[in-house]
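[1] What would the 3D arrangement of this be:
(chains A, B, C and D)
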2 protein chains.
Amino acid sequence: MGLESYQIEKVESVTMADIVERRLLDYFKKNAFKPGDAIPKELELAEALEVSRNVVREALSRLKMLGMIESKKKRGMVLSEPDIFGGFERVLDPLILEQQTLQDLFELRMVLEMGLADLIFRRKTDGDVAELERIVQKSTNQNKASFKVKHEIAFHGKLYAMTGNATIMRFQNLLLPIFEYVVAEEEKLHGVPPISHVGHADLVQIIKNGTPQEFKEAMRIHLSPHFDRLS
Amino acid sequence: MGLESYQIEKVESVTMADIVERRLLDYFKKNAFKPGDAIPKELELAEALEVSRNVVREALSRLKMLGMIESKKKRGMVLSEPDIFGGFERVLDPLILEQQTLQDLFELRMVLEMGLADLIFRRKTDGDVAELERIVQKSTNQNKASFKVKHEIAFHGKLYAMTGNATIMRFQNLLLPIFEYVVAEEEKLHGVPPISHVGHADLVQIIKNGTPQEFKEAMRIHLSPHFDRLS
DNA sequence: TTTGTTGTTATGTTCTACATAAGTATTAAA
DNA sequence: TTTAATACTTATGTAGAACATAACAACAAA
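    Now for the predicted structure:
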């Protein structure tokens, strides 16, 4: 019988900084702290938690990284509106993420793109459509690979921008390098995917005169070369 | 003319820990570090960067929080597969996020839900459909509000699970409390939204016998009470 | 070969000291 | 009295030393 049958769980050493970090987060939630609220001084926290100031500073440093805490000399520290994707951004390195996670993120971006339709149609303006047409226009002449990538980013980026949702916009921008990395890896293995039957120009026409339903179907076809490669 | 026209940017004090954190991340990327690779000792880093061991430890502590680094006494530290949404999770407190961000995340979850169709149809199994039917069945009798919430979570959670995408699954689980919070806030303002014409039972039938296109439209109608309240 | 001992080493934790910026109070000048 | 310059105070930022602790390594004992 192998060792794994004993369900041995590896002992991950929990440090004081881990505990203090957890305690601080709980403390903020329990007391309904809001951005702008002052939080106790380092020495007070150290005393209350019965750890050294150093440990407290390590925990605080973590929350500062997330933008959750801001500190000024003499004034002390205040809770602040965190950068919601700050931690996510730091971790998004294709080299350190598992292949499966990269694949998952690739799919996630496609899922987003498919789901954008209703927001886009709800919030599109004539100006938006005009700019999309301008973007498509510029790409008809160019053929260089580097330009094509830029064009892809400009077009799909504009689609996200049209949702009027800054958070979704930011999220997709973070996902973009992962998407490109996975596409490049796929191309190494299976060659360049066939060009889709539905291009950007078609999508723009649908946004201009069509319906969300048509857009969803068109986007599905547009992305199908990628979709079809999923396991 | 207001001050804002001068584009005054607030001076955020950059600390040594901020710089060292940045340097470490760059260092890992530049040298193509992979999970499992050993990284220099604290003292070596401190010496190389010409800062105190304390500062190095603050920066390392941040990366440890993200799961990017693991350390063991004597053995030293190794790079490791980070928890991709670890930082995100810590920051997801409705009380400290801006109202607009909460709204954005609410929309993001709906966008996800709309976009799931193709993945679900591509990967559904008979067992999945059976379980969905079981979930719907159980809800027909119950009426209590608390049960309804649980049922919502079970049903939509199962939909995400059917995508076979652990990352998307995790993401939606993190988004869930935000979604519920926003729904609760909306109900305080505008009362309980009208029940949609398309219920869970209808969605299951479509998954069983219908097409992705039908599912997308059905999901749109199912979510429309929420959608219609968006600005 | 296995088990026990001893030393070594890198991280974990604490303590002290001082630098620095930014309020606060005090004093001097108008 | 009001204003400006001054010194004082305080909380964070940084540095350095010291010791605790876990885990590896090497050797000795069974």
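[2] all strands for chain A, in order.
    Secondary structure of chain A (DSSP state E): strands located at A:38-39, A:69-72, A:76-79.
[3] Same list (those) but as CSV, adding mean pLDDT.
    Shown next, in CSV, are those (pLDDT from 0 to 100):
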stretch, mean pLDDT
strand A:38-39, 97
strand A:69-72, 96
strand A:76-79, 96
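[4] which residues sit in contact with the residue in chain A that chain B sits nearest to?
    Closest approach of chain A to chain B (CB to the nearest CB) occurs at residue A:87, with a separation of 1.5 Å. Heads up, the C-betas are built off the backbone N, CA and C, glycines and all. Counting by CB atoms under 8 Å, 6 or more residues apart in numbering or on different chains, residue A:87 touches A:65-66, B:65-66, B:86-88, B:90-91.
[5] Just the buried ones from those, in PyMOL syntax?
    For the buried members of the contacts of residue A:87, the matching PyMOL selection, counting by 16 or more other CB atoms under 10 Å in any protein chain shown, is:
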select buried, (chain A and resi 65+66) or (chain B and resi 65+66+87+88+90+91)
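[6] Out of the contacts of residue A:87, which comes closest to DNA strand D?
    residue A:65 (12.0 Å; CB to the nearest atom of the strand).
[7] so what pLDDT did that closest one get?
    Looking at residue A:65, its pLDDT reads 98.
[8] what's the distance between it and residue A:114?
    33 Å (CB to CB, to the nearest Å).
[9] about what we covered before: can you add distance to DNA strand D and mean neighbour count and give the strands of chain A back as JSON lines?
    Formatted as JSON lines, these follow (distance: least, CB to the nearest atom of the strand, whole Å; neighbours: other CB atoms under 10 Å in any protein chain shown):
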{"stretch": "strand A:38-39", "distance to DNA strand D": "7", "mean neighbour count": "16"}
{"stretch": "strand A:69-72", "distance to DNA strand D": "4", "mean neighbour count": "16"}
{"stretch": "strand A:76-79", "distance to DNA strand D": "4", "mean neighbour count": "16"}
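[10] In TSV, list those along with distance to residue B:160.
    Formatted as TSV, the strands of chain A follow (distance: least, CB to CB, whole Å):
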stretch	distance to residue B:160
strand A:38-39	36
strand A:69-72	33
strand A:76-79	32
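[11] Any stretches of chain A with poor pLDDT?
    In the predicted model, chain A carries pLDDT under 70 at residues A:1-11, A:141-143, A:231.
[12] Domains of it: list them as residue ranges, please.
    Chain A resolves into domains spanning A:16-79, A:87-227 when parsed by automatic domain parsing.
[13] give the contact list for the residue nearest to the spatial centre of chain A.
    With distances taken as CA atoms, centre = their mean, the residue of chain A nearest its centroid is residue A:171 (3.2 Å). Going by CB under 8 Å, 6+ apart, residue A:171 touches A:85, A:112, B:108.
[14] Make sure the second one is actually in contact with residue B:114.
    When you say that, I think you mean residue A:112. No. Applying CB atoms under 8 Å as the test, residue A:112 and residue B:114 come out as separate, 9.5 Å apart.
[15] Of the two, give the one with the bigger neighbour count.
    When neighbours are counted by other CB atoms under 10 Å in any protein chain shown, residue A:112 and residue B:114 differ, and residue B:114 comes out ahead with 26 against 21.
[16] Provide the count of other residues in contact range of the residue nearest to that one when sequence neighbours are not counted.
    Excluding the flanking residues, the one nearest residue B:114 by CB to CB, 6 or more residues apart in numbering or on different chains is residue A:115, at 3.7 Å. The tally of other residues near residue A:115 (other CB under 10 Å) stands at 27.
[17] Could you do the one 4 residues further on as well?
    Other residues near residue A:119 number 24, with proximity taken as other CB under 10 Å.
[18] Just give me the neighbour total for the residue nearest to residue A:51 when sequence neighbours are not counted.
    Leaving aside its chain neighbours, residue A:51 sits nearest to residue A:16 (5.2 Å; criterion: CB to CB, 6+ apart). Residue A:16 has 16 neighbours, counted by other CB under 10 Å.
[19] what about the longest helix in chain A?
    Longest helix of chain A, by residue count under DSSP state H: helix A:166-190.
[20] What lies in contact with stretch A:39-51?
    By CB under 8 Å, 6+ apart, stretch A:39-51 touches A:16, A:20, A:23-24, A:28, A:33, A:52-53, A:55-57, A:60, A:69, A:76-79.
[21] ok, which of those also contact DNA strand C?
    The subset of the contacts of stretch A:39-51 within reach of DNA strand C, by CB under 7 Å from any atom of the strand, is A:16, A:52-53, A:55.
[22] Point out the residues in chain A that sit beside DNA strand C.
    Counting by CB under 7 Å from any atom of the strand, chain A sits next to DNA strand C at A:13, A:15-17, A:50-55, A:72-75.
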